[in-house]
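**Student:** Mind folding the following:
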Amino acid sequence: MKGKSVDLLMKAKRRLDPRAHTAWTEFHPFRSAEARAEYFASLEPRERRWPIPSEDRVVETSWARTFVRVGGLAGGPPLVLMHGAATNSLSWECNIQGLSERHRTYAIDNPYDVGRSVYARDASSVDDYVAWLDETLSALGLAGGIDLVGMSYGAWLTAKYTLAHPERVARAVLLVPALTVQNVRFVWVVRCLLSMLDRRLSQNFARWTLRDAYEQGPRSRQLVEEIADDGLALSKKCISRHVVLPTRLEDAEWRRLTTPMLVLVGEHEKHYHPAKAVAHLARVAPRVKVEVIAGAGHDLAAVFPELVNRKVLAFLEEGRADSR
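**Tutor:** I've put the predicted structure just below:
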């Protein structure tokens with residue numbers, strides 16, 4: 001589905017929301033102090049499950065007070081993790097331990113989603129997002145040689161940032177990228193918008209999108225339910241805001257890409273047709289390494305965490321081996 005159509009649907013949803021406002025408050029971006037307290041209380045059990053010791057840092061930029069979970073190997077090569085839309089850095093729970101064994105990991109809460117970051121001004125374009133991330137990486141003391149891994153919406157941001165600042169990114173991984181490679185299917189957009197209305201629809205959407213994880217067992221099912229609740233919290237507990245929608249990268253952008261990049265996609269992906277996406281990349285970006293993994297979809301990182309970690313780490317290690 002074309003990006004303009006998605007944008008029109010999102011604008012319609014915003015206009016129908018009688019509680020939409022943009023005033024900054026002490027509990028911004030939540031609708032009330034109670035909404036913020038309720039959401040943070042729901043985060044606490046998940047934060048206690050975080051598998052590695054980590055330092056909670058808040059870095060100040062002109063765009064946001066950005067919350068970052070810093071852990072892993074002290075002095076190790078920096079690995080920055082960008083989560084998907086309508087959730088937060090806790091979505092890396094299944095992968096963080098393996099990824100942190102040989103890296104210093106930085107799991108960032110996107111300030112325009114639902115988490116502990118607070119934006120200071122609206123982002124109205126991808127250029128704003130790139131500027132926010134660039135300032136955030138500088139505030140973290142990361143000058144260059146950064147490995148950047150993005151999941152879903154975070155994969156789109158990873159691709160856009162890598163194109164804008166190739167001098168800072170050593171290697172990039174796009175994990176189940178949203179849109180980025182191919183336009184989103186219309187049925188996905190409709191079900192996503194309906195999921196914002198109530199918990200039943202939100203749960204149904206998450207179970208449909210992340211079916212392999214949901215059917216894997218109680219532990220994975222809990223993760224799917226939590227992701228559904230995050231999405232609903234963004235809709236119900238946070239103020240309505242301008243949404244910067246992901247876009248498919250132009251062929252010229254793929255050809256301009258010089259940073260080594262790995263794209264991992266699940267065969268059951270609901271956003272778009274994986275086989276078509278892979279065929280397209282083979283035509284326009286032959287230097288990009290692409291792999292479709294059987295038995296999972298958009299939930300690839302949760303269904304096969306060890307496999308994903310192994311492939312990501314092997315790809316990142318190639319870069320360090322080449323530089324020796």
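
**Student:** ok so residue 128 is a helix residue?
**Tutor:** Yes - Residue 128 forms part of a helix when assessed by DSSP: H, G, I helix; E, B strand; the rest coil.

**Student:** so where do the strands sit in the chain?
**Tutor:** Listed in chain order, the strands of the chain (DSSP state E) span 54-60, 64-72, 78-82, 104-108, 118-119, 146-151, 169-175, 261-266, 289-293.

**Student:** quick one: the first one to chain centroid distance?
**Tutor:** Distance of strand 54-60 from the chain centroid (Cα atoms, centre = their mean, to the nearest Å) equals 18 Å.

**Student:** circling back: could you dump the strands of the chain into CSV and include mean pLDDT?
**Tutor:** What follows is these, written out as CSV (pLDDT from 0 to 100):
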stretch, mean pLDDT
strand 54-60, 97
strand 64-72, 98
strand 78-82, 98
strand 104-108, 98
strand 118-119, 95
strand 146-151, 98
strand 169-175, 98
strand 261-266, 97
strand 289-293, 96
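
**Student:** and these as CSV, adding mean neighbour count and distance to residue 25?
**Tutor:** All C-beta atoms are positioned from the backbone trio N, CA, C, and that covers glycine. As requested, the strands of the chain are exported to CSV (neighbours: other Cβ atoms under 10 Å; distance: least, Cβ to Cβ, whole Å):
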stretch, mean neighbour count, distance to residue 25
strand 54-60, 14, 19
strand 64-72, 21, 14
strand 78-82, 25, 27
strand 104-108, 25, 24
strand 118-119, 19, 11
strand 146-151, 26, 30
strand 169-175, 25, 35
strand 261-266, 24, 40
strand 289-293, 17, 44
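
**Student:** and of those strands, who's closest to residue 32?
**Tutor:** strand 118-119 (14.9 Å; Cβ to Cβ).

**Student:** and the closest one, what does it pack onto?
**Tutor:** strand 64-72 (3 or more Cβ pairs under 8 Å, 6 or more residues apart in numbering; DSSP states H and E).

**Student:** now the strand it packs on against strand 54-60, angle please.
**Tutor:** Counting by axes from the mean of the first three to the mean of the last three Cα atoms, to 10 degrees, strand 64-72 points 150 degrees away from the direction of strand 54-60.

**Student:** who touches the closest residue to residue 64 other than its chain neighbours in this structure?
**Tutor:** Nearest residue to residue 64 in three dimensions, chain neighbours excluded: residue 111, at 3.7 Å (Cβ to Cβ, 6 or more residues apart in numbering). The contact partners of residue 111, taken as Cβ atoms under 8 Å, 6 or more residues apart in numbering, are 63, 64, 65, 66, 117, 118, 119, 132.

**Student:** Alright, I will stop here.
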